[in-house]
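Undergrad: below is the structure, and that's it, no one-letter string:
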């Protein structure tokens, strides 16, 4: 029997989690891919850590990390400024969020960030069980 399990912790996926085998499909984390990830952060007044990294920070502006929404603890939407930014740290996973000239991000706000990570760090362990 052939089983596919995660070889490392990444996002909500833990090492050893089952992806699939001949009898069932395991729990799927939709972000376990190189596609865009949208992650929510609360308390983003200081740098936050992306669950999926290294975060792409290359020349392709369409793939750069960006703030997609800001919501207060009461559920009110805060406008995302045109000059809002996400700065990726040298470690590839530390993100500094800024709403630019817009309303400052508060510690209780939920900030959604869309980003692409470089999936060169994904390990999948394949094992054959007779």
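TA: Everything's here; your move. Remember, it's a predicted structure, so these values are computed and weren't measured experimentally.
Undergrad: what's the burial count for residue 48?
TA: 20 (other Cβ atoms under 10 Å). C-beta coordinates here come from the backbone N, C-alpha and C atoms, glycine included.
Undergrad: likewise for residue 45?
TA: Based on other Cβ under 10 Å, the number of other residues close to residue 45 is 13.
Undergrad: which residues of the protein fall in strands?
TA: 2-6, 18-20, 36-42, 48-49, 66-71, 77-78, 85-88, 94-98, 110-116, 124-128 (DSSP state E).
Undergrad: out of the ones you listed, nearest to residue 57?
TA: The closest of the strands of the chain to residue 57 is strand 85-88. By Cβ to Cβ, the value is 4.2 Å.
Undergrad: for the closest one, list every residue counted as buried.
TA: Of the residues in strand 85-88, those buried by neighbour count under the rule 16 or more other Cβ atoms under 10 Å are 86, 88.
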